[in-house]
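Chemist: let me see the structure of the following:
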Amino acid sequence: MTWKEIKSWAKSHGYHALKHEDSYSWSKLEDESICGQAKSVSKLAFAIYNHMTNNKWVEYQEQYKNA
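Modeler: Model prediction:
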């Protein structure tokens, strides 16, 4: 997915995504104290998705990444 797609997807799920010079950041629209940073667009998407699903798929993602 591209940066524009991730940004739009995040917004549609109640998150705000920002692009910085060397990283990306995200926050929850209704509570900006819920936030995080990522080094790439894919890691940004993972971080937002994991927050949305309460880290339900983190173990699976780690297994898939290491396979």
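Chemist: quick one, strands of this structure?
Modeler: 15-19, 24-28, 35-38 (DSSP state E).
Chemist: can you tell me the strand partners of the second one and which way each runs?
Modeler: The strands that strand 24-28 pairs with in its sheet are strand 15-19 (antiparallel), strand 35-38 (antiparallel) (by DSSP bridges).
Chemist: off-centre distance for it?
Modeler: Relative to the mean C-alpha coordinate of its chain, strand 24-28 is positioned 7 Å out (Cα atoms, centre = their mean, to the nearest Å).
Chemist: cool, and the last one?
Modeler: Here strand 35-38 is found 7 Å from its chain centre; the criterion is Cα atoms, centre = their mean.
Chemist: just name the most buried of the strands of the chain.
Modeler: Most buried of the strands of the chain, by mean neighbour count (mean count of other Cβ atoms under 10 Å): strand 24-28, with a mean of 19. For the C-beta atoms, the positions are set from N, CA and C on the backbone; glycine is no exception.
Chemist: what's in contact with that strand?
Modeler: 3, 10, 14-18, 34-41, 43-44, 47-48, 51 (Cβ atoms under 8 Å, 6 or more residues apart in numbering).
Chemist: low pLDDT regions in this structure?
Modeler: 58, 60-61, 63-67 (pLDDT under 70).
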